[in-house]
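[1] coords please:
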Amino acid sequence: MKNIKSWITWSIANIFYLYEVVLRVSPSVMTDDLMCHYGITTSILGMMVSCFYYSYVTLQVPCGLILDKLGPRNLIGSSIILSVLGSIMFVWTDSVLIAQFGRFLIGAGASCAFISGLQIASTVFPIKHFPIFAGITNMMGTFGALCSGFPTAKLVNAIGWREAILFISIVGAVLAVLAFVLLPKAIRISENAGIQKSFGSIFKKIIKNKQIILSGMVGGFMYLPVSVFSELWAVPFFIAKHQVNNELASFATSALFIGFAIGSIPVAIIARKVGGYMKTIRFSVICTTVLFIALMYSQNLYTSFAIVFLIGVFTAAEVLVFTCAKNNASVRHSGTAIALANALVMLAGSVFQPVFGVLLDLFWTGGLSASGVRLYDISCYHKAILTLPICLVISYVMSAFIKETMGQERVG
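    Numbering: from 1, shown residues only. Now for the predicted structure:
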């Protein structure tokens with residue numbers, strides 16, 4: 001019975017993560033609708049959408065400790081409700097400021113989703129299996145991203161972007177009810193039992209750990225193909241490059257996330273086969289960099305889909321940075337270490353989403369649609385997209401300073 005409860009708790013946390021990614025990524029298939037509705041440019045759109053990350057990043061570390069204090073039922077249930085309220089606010093306003101605050105609330109509610117799945121897995125299942133469970137959690141996020149791609153684009157085109165987000169909000173309300181009914185009030189985390197240290201002292205110890213900081217920063221740059229390209233700019237990029245509609249262009253997002261899902265679990269097994277997490281990370285960074293350059297020169301739509309699929313496969317190695325972060329902290333601080341690494345990963349997305357939009361505006365050639373929305377030709381996207389290979393090269397250099405932790409899993 002205890003084992004069944006553990007699986008139920010972990011599963012609901014992962015479903016919540018799937019749902020959170022749907023909320024996070026769904027604006028990517030409605031960029032034109034949002035710019036037309038609010039009368040904004042890509043720079044402001046990037047800032048509006050990235051408001052999700054400001055609260056998400058800020059609350060990562062507190063959530064790592066709050067999970068232990070409030071238990072999964074109260075934290076996850078309340079977080080889903082907060083995300084739903086933010087979605088409704090985002091839907092029913094004509095104000096850019098209120099829409100930004102709605103995205104901010106969605107991010108606040110979603111902030112515990114990913115780390116809940118990882119922290120619960122690290123405490124109720126054998127520690128040696130953590131990389132596999134982390135890969136499964138990563139994969140659940142990609143399923144959420146897939147749902148926010150073509151299916152959401154179809155829904156938006158069928159009933160409208162506002163109605164689509166409202167429908168997603170109703171699904172969230174149902175999930176919140178399930179969380180309050182099925183989740184336990186608390187889970188026993190034996191390694192953390194008896195901790196008397198304050199949040200401040202734990203945070204100070206973790207923040208001084210350079211290996212955790214480096215792991216998070218490398219993960220942040222590695223995740224940019226997802227957090228910047230796929231989550232917001234892939235659809236308009238494919239529309240500009242291949243002159244297709246948003247439904248067909250959304251397959252680019254789907255292809256990347258399918259690749260990410262496929263790579264998420266095997267990457268942990270491959271890392272053990274080659275004898276190192278860092279070897280696997282560096283190889284994936286090289287491949288992703290080359291693939292982005294190939295994407296810029298690809299002229300065939302289906303070849304481009306294949307390239308973004310492979311980008312997703314190799315980007316999946318990013319999940320290994322959480323194992324590196326966890327292994328560089330004591331077990332009783334692993335949740336906080338994972339949370340800090342994830343905060344840095346998402347911080348990169350919050351910075352570069354608007355940066356990408358600013359670059360598009362900088363290189364804009366003056367084209368306008370019939371409704372007055374700025375049109376960006378493919379040369380604008382090619383110049384802006386160069387930031388991603390550059391950041392990947394930086395992550396490769398930084399990874400050289402991260403210690404290899406394979407075989408050094410801590411048990412106390």
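
[2] contacting residues for Phe238?
    Val244, Leu248, Ala249, Ala252, Leu301, Ser304 (CB atoms under 8 Å, 6 or more residues apart in numbering). All C-beta spots, glycine's among them, are computed from the backbone N, C-alpha and C.

[3] need the contact list for the first one.
    Listed by CB under 8 Å, 6+ apart, the contact set of Val244 reads Phe238, Leu301.

[4] what about Val285, how many residues nearby?
    Applying other CB atoms under 10 Å, we find 27 residues neighbouring Val285.

[5] also Thr42?
    Per other CB under 10 Å, the neighbour tally for Thr42 reads 25.

[6] ok, it touching Gly357?
    Yes. Using CB atoms under 8 Å, Thr42 is in contact with Gly357, at 4.1 Å.

[7] could you list which of the contacts of Phe238 belong to helices?
    Counted as lying in helices by DSSP state H, out of those, are Leu248, Ala249, Ala252, Leu301, Ser304.

[8] of these, which is the most crowded?
    Ala252 (30 neighbours).

[9] how about it, what does it touch?
    So Ala252 contacts Ser230, Ala234, Val235, Phe237, Phe238, Ser304, Phe305, Val308 (CB under 8 Å, 6+ apart).

[10] I'd like to know how far it sits from Gln299.
    15 Å (CB to CB, to the nearest Å).

[11] out of the helices and strands in the chain, which is least certain?
    Scoring the helices and strands of the chain by mean pLDDT, DSSP states H and E places helix 199-207 at the bottom, with a mean of 73.

[12] in the host helix or strand of Ile4, which residues are buried?
    If you go by DSSP states H and E, Ile4 is part of helix 2-25. In terms of neighbour count (16 or more other CB atoms under 10 Å), helix 2-25 has its buried residues at 6, 9-10, 12-25.

[13] show me what the very next helix or strand once past it is packed against.
    Downstream of helix 2-25, the next assigned helix or strand under DSSP H and E is helix 31-38. Counting contacts by 3 or more CB pairs under 8 Å, 6 or more residues apart in numbering; DSSP states H and E, helix 31-38 packs against helix 42-58, helix 161-182, helix 234-242.

[14] switch these over to a markdown table; also include mean pLDDT and distance to Lys128.
    Compiled in a markdown table, those are given as follows (pLDDT from 0 to 100; distance: least, CB to CB, whole Å):
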| stretch | mean pLDDT | distance to Lys128 |
| --- | --- | --- |
| helix 42-58 | 85 | 30 |
| helix 161-182 | 92 | 28 |
| helix 234-242 | 89 | 36 |
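
[15] got CSV for the ones you listed, with distance to Gly349 too?
    Formatted as CSV, the helices and strands packed on helix 31-38 follow (distance: least, CB to CB, whole Å):
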stretch, distance to Gly349
helix 42-58, 6
helix 161-182, 20
helix 234-242, 14
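
[16] can you give me the distance of Ser304 to Leu248?
    11 Å.

[17] cool, Ile81 as well?
    From Ile81 over to Leu248 (counting by CB to CB), the distance is 35 Å.

[18] in the stretch 51-200 of the chain, what spans have low per-residue confidence?
    Along the stretch 51-200 of the chain, segments meeting pLDDT under 70 span 67-71, 186-200.

[19] ok so, going back, Ala261: which of the helices and strands packed on helix 31-38 is closest?
    Closest to Ala261 of the helices and strands packed on helix 31-38, according to CB to CB: helix 234-242, at 15.9 Å.

[20] how far is the closest one from where the chain is centred?
    21 Å (CA atoms, centre = their mean, to the nearest Å).

[21] between that helix and helix 2-25, how big is the angle?
    Here the directions of helix 234-242 and helix 2-25 differ by 50 degrees (axes from the mean of the first three to the mean of the last three CA atoms, to 10 degrees).

[22] now for Ser369: which residues touch it?
    Asp32, Leu375.

[23] what does Thr93 give?
    Ala99, Gly102.

[24] what helix or strand is it on?
    Counting by DSSP H and E, Thr93 is found in no helix or strand.

[25] do the same with the one 5 residues further on
    Using DSSP H and E, Ile98 sits within helix 96-110.

[26] got a list of contacts for the next helix-or-strand element following that helix?
    The C-terminal neighbour of helix 96-110 among helices and strands, as given by DSSP H and E, is helix 113-124. For helix 113-124, the surrounding residues in contact (CB under 8 Å, 6+ apart) are 6, 9-10, 13-14, 16-17, 19-20, 60, 63-64, 67, 72, 75-76, 79, 129-130, 133-134, 137, 140-141, 187, 189-192, 322, 326, 331, 334-335, 338-339, 342.

[27] list buried residues within those residues.
    6, 9-10, 13-14, 16-17, 19-20, 60, 63-64, 67, 72, 75-76, 79, 130, 133-134, 137, 140-141, 187, 189, 191-192, 322, 326, 331, 334-335, 338-339, 342.

[28] now, which of those residues lie within helices?
    Counting by DSSP H, those place 6, 9-10, 13-14, 16-17, 19-20, 60, 63-64, 67, 72, 75-76, 79, 130, 133-134, 137, 140-141, 322, 326, 334-335, 338-339, 342 in helices.
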